[in-house]
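Asker: coords please:
(4 chains)
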2 protein chains.
Amino acid sequence: MGITIYDLAREAGVGLGTVSRCLNNHPSVSAKTREKVLAVAKRLSYQPHAHAQRLASRKANTVSTIIPFFTNYFFIEVLQGVQDKAAELGFDLILYGVNNPSQAEYYLRRSLHGGRVDGVMFFSMQFPESFVLKFQQMKLPVVIVDSYHEKFDSMLVKNHEGAMQATRHLIGLGHRNIGMINASLDTRPAKERLSGYKKALEEAQIPFDMERVVITSNGKQDGFNREAGYESMKEIIRRSIGHNHISAVFIASDVQAIGALQAARELGVRVPEDIAVVGFDDIELAQHAQLTTVRQPMHEMGTIALQMLVDRTKNPDASPKLSTFLPELVIRQTCGAGGKESSSALASRDGGIELEPSAT
Amino acid sequence: MGITIYDLAREAGVGLGTVSRCLNNHPSVSAKTREKVLAVAKRLSYQPHAHAQRLASRKANTVSTIIPFFTNYFFIEVLQGVQDKAAELGFDLILYGVNNPSQAEYYLRRSLHGGRVDGVMFFSMQFPESFVLKFQQMKLPVVIVDSYHEKFDSMLVKNHEGAMQATRHLIGLGHRNIGMINASLDTRPAKERLSGYKKALEEAQIPFDMERVVITSNGKQDGFNREAGYESMKEIIRRSIGHNHISAVFIASDVQAIGALQAARELGVRVPEDIAVVGFDDIELAQHAQLTTVRQPMHEMGTIALQMLVDRTKNPDASPKLSTFLPELVIRQTCGAGGKESSSALASRDGGIELEPSAT
DNA sequence: TTGAAAGCGCTAACAG
DNA sequence: CTGTTAGCGCTTTCAA
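Answerer: Alright, predicted model coming up:
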């Protein structure tokens, strides 16, 4: 079909190996030869055959991303970061969207296929135990984003701290009856955000009341979605009407908060006057909804995750790294503290904290 | 590194070719041999080396998608469809997100690389003329989604018709002063949606007034985004306050409509009482915002696009096909016609209309 | 510095 | 039905 290095070699009057060396700018070729070969390559508009390269070099230059697909805008923004970095480094990105756990395993297996990819990025799901040995044996790098496994590089956001900040902020604004809308406690973020919420209440000596936290996990979903937020807010408002008045809610994710805002609007409950709201994530929409929230540096998480993966390929035997991010409160209007628009919205990466949870 | 078919052959006591045949369930192997080989393969948990396969078979089993990255939820939903179909067919999806036109060309070039992919899916952008010959020469299939090029398979939504439906609906509701919020007229959808809007007015003998259409294209963006919708709505309301009262707007996309709704809310303008709103796309959010809109069958478009691409690989010399979709009005609340929730939301694919715009 | 040759792991054509 | 033999296009020793 296309032009091969044989053609180039013949045309340039040099050997096969020389052509290869020129193309990969290997040091040991004379400038003259290199130029000549490169000129020919350009003239014939040569394109290397990726699979042949990959077969011969045993490098795929490809990373697969296994993601609970598009459920949540959070992933899209992280993915954007991954994609940008991948482009910069010349990597290809294979997108595996999963709708249920068995699919995740299928894609894991697929990624394991010899030489298909240089590594796997696994998002927000519990990494299946049945695969850890396999990946270790194959020495195939794995980076787990927004979840954790001691045997692999992981990247986490300090949900507990973020939730504390959010709740403290509400407390600082004078609220004492603070509810929480959460997602399924089977997920790590939900668990941690709940604990941060509790902790902040405790600090302020406000008794924790399970009656004030509502979790709607509709069907097989984990609850991090708009509908769940919508329903939960209705429930919060219902409960609030009784004896148990609630003047503020901390909501475990922005998508849920968007739903919650909708519910409030429909019920004629004003935000922040009747009820103050703080979300979590800072997805693009949050800005527009003037949602006070806790910002996760999603784009940056994506770029760093890819970098971690690449680093790992170069250093397969180092012990697993844990990279953590400290989220940051972004104050907008729904909390009632009402900066027109905060610009100190940049979250910072945790400085030197690179734990090594276990030796490989 | 891993297990190869050599190992399987040795272990099973058969020849190389036989192993290959078993693995690819080629007809001519005895059931007995096949079983034996497959058993060994399973026992050694053999995984084929994708790149070797691809090199030898000259098939990549991979499709690249070149997308104006995540700017618009529309793409995500289409991509979801592509991804689902790809999974079904065992294809890998390479995701190339582009932020500017030169990047698109880079990825096009990259996709052209021998054997890397079986085809490319090019989204919503003008396919660069400088590449059409190259792709034709390489006989590398291209499917253009939400845009059009006579030399390649394309997939289009009938924007004109959709816009007519939207506008007619508003007219049917008694509105005569109907504005439009549009995006940059450099884009095909914007142009077509404008023409549909005009046409519907014309039908109803309402004079078209350019004063009633506002386009905000912020910077290099094409205007299909929330901010633009937000600004445009403010402008509409401003203009409406004068002599030129506007009681309804047709908005060229749902993301813009979301922004517009926001603007109305902030200015205390009630929707639909003070101003009725109809969008276009039916992204997931639309449902939640109770936005009356024109539904594009995004998921289905994705699956069909991938199918077209695969079909094309099997039939490279057929003339380019054009596949069109007829969008459908989904009536919710923002138009003031107020079904609680319409369930006739399914858009239908255009029946037999498969034009052949040019012979190859 | 360069050329030649040996694979990378697999498919597919060709004999048997 | 099955084994053998050539490649696929490239990288990478190993000599020269």
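
Asker: Quick check: chain neighbours aside, which residue is closest to A:Glu231?
Answerer: Setting aside the residues directly before and after it, A:Glu231 is nearest to A:Thr216 in space (C-beta to C-beta, 6 or more residues apart in numbering or on different chains), at 4.5 Å. In short, each C-beta sits where N, CA and C put it, glycine included.

Asker: Distance check, the most centrally placed residue in chain A against A:Phe91.
Answerer: What sits nearest the mean C-alpha location of chain A, by C-alpha atoms, centre = their mean, is A:Val78, with 4.5 Å. Distance, A:Val78 to A:Phe91, by C-beta to C-beta, to the nearest Å: 16 Å.

Asker: and if you look at A:Met308?
Answerer: Distance of A:Met308 to A:Phe91, computed by C-beta to C-beta: 13 Å.

Asker: who's the residue in the stretch 151-300 of chain A positioned nearest to DNA strand D bridged to?
Answerer: As assessed by C-beta to the nearest atom of the strand, DNA strand D sits closest to A:Asp153 within the stretch 151-300 of chain A, at 24.6 Å. Here A:Asp153 sits in beta bridges with A:Val143, going by DSSP bridges.

Asker: Assess the claim that it and A:Pro141 are in contact.
Answerer: Yes - A:Asp153 lies in contact with A:Pro141 (C-beta atoms under 8 Å); the separation is 7.5 Å.

Asker: between the two, what contacts are shared?
Answerer: Jointly contacting A:Asp153 and A:Pro141 under the rule C-beta atoms under 8 Å, 6 or more residues apart in numbering or on different chains are A:309, A:312.

Asker: A:Phe280: neighbour count?
Answerer: When neighbours are counted by other C-beta atoms under 10 Å in any protein chain shown, A:Phe280 registers 31.

Asker: With adjacent residues omitted, what lies nearest to it?
Answerer: Leaving aside its chain neighbours, A:Phe280 sits nearest to A:Val294 (4.7 Å; criterion: C-beta to C-beta, 6+ apart).

Asker: In what element of secondary structure is the one you found found?
Answerer: Using DSSP states H and E, A:Val294 maps to strand A:293-295.

Asker: and what of A:Ser64?
Answerer: Per DSSP H and E: A:Ser64 is located in strand A:62-68.

Asker: In its sheet, which strands sit next to that strand, and in what direction?
Answerer: By DSSP bridges, strand A:62-68 pairs with strand A:92-98 (parallel), strand A:119-123 (parallel).

Asker: Quickly, which of the ones you listed bottoms out on average pLDDT?
Answerer: When those are compared on average pLDDT, strand A:92-98 comes out lowest at a mean of 88.

Asker: what's the following helix or strand after it?
Answerer: Next helix or strand after strand A:92-98 toward the C-terminus (DSSP H and E): helix A:101-112.

Asker: now for that following helix, which elements pack on it?
Answerer: strand A:62-68, strand A:92-98, strand A:119-123, helix A:129-138 (3 or more C-beta pairs under 8 Å, 6 or more residues apart in numbering or on different chains; DSSP states H and E).

Asker: what about 10 Å?
Answerer: Judged by 3 or more C-beta pairs under 10 Å, 6 or more residues apart in numbering or on different chains; DSSP states H and E, the packing partners of helix A:101-112 are strand A:62-68, strand A:92-98, strand A:119-123, helix A:129-138, helix B:73-89.

Asker: re the thing from before, which secondary structure elements does the strand holding A:Val294 contact?
Answerer: For strand A:293-295, the elements it packs on are helix A:159-172, strand A:248-251, helix A:254-267, strand A:276-278, helix A:284-288, strand A:328-330, judged by 3+ C-beta pairs under 10 Å, 6+ apart.

Asker: ranking the ones you listed by mean pLDDT, which is last?
Answerer: When the helices and strands packed on strand A:293-295 are compared by mean pLDDT, helix A:284-288 comes last with a mean of 82.

Asker: and for that one, what are the contacting residues?
Answerer: For helix A:284-288, contacts defined as C-beta atoms under 10 Å, 6 or more residues apart in numbering or on different chains pick out A:73, A:76-77, A:226, A:253-255, A:257-258, A:279-280, A:291-295, A:298, A:330, A:332, A:334, A:341-342, A:345, B:70, B:73, B:225-227, B:229-230, B:255, B:258-259, B:262, B:285.

Asker: Stretch A:7-27 too?
Answerer: By C-beta under 10 Å, 6+ apart, the residues outside stretch A:7-27 that reach it are A:3-6, A:28-30, A:33-41, A:43-44, A:46, A:48, A:53, A:56-57.

Asker: Weed out the non-buried ones from those.
Answerer: With burial judged by 16 or more other C-beta atoms under 10 Å in any protein chain shown, the buried subset of the contacts of stretch A:7-27 is A:3-5, A:29, A:33-34, A:36-38, A:40-41, A:46, A:48, A:53.

Asker: Restricted to helices, list those.
Answerer: Among these, DSSP state H puts A:5, A:33-34, A:36-38, A:40-41, A:53 in helices.

Asker: neighbours of A:Val214, just the number please.
Answerer: Applying other C-beta under 10 Å, we find 20 residues neighbouring A:Val214.

Asker: got the buried residues for stretch A:301-319?
Answerer: A:301-310, A:312.

Asker: Which single one of the residues you listed is nearest to chain B?
Answerer: Comparing these against chain B with C-beta to the nearest C-beta places A:Gly302 closest, at 11.2 Å.

Asker: Next up, the contacts around A:Ala50.
Answerer: Neighbour list for A:Ala50: A:60-62, A:92, B:51, B:54-55, B:60, B:62, B:110, B:113-117 [criterion: C-beta under 10 Å, 6+ apart].

Asker: Which among the residues you listed count as buried?
Answerer: Buried by 16+ other C-beta under 10 Å: A:60, A:62, A:92, B:51, B:54-55, B:60, B:62, B:110, B:113-117, out of the contacts of A:Ala50.

Asker: which of those residues has the weakest pLDDT?
Answerer: Confidence by pLDDT is poorest for B:Gly114 among the buried ones among the contacts of A:Ala50, given 67.
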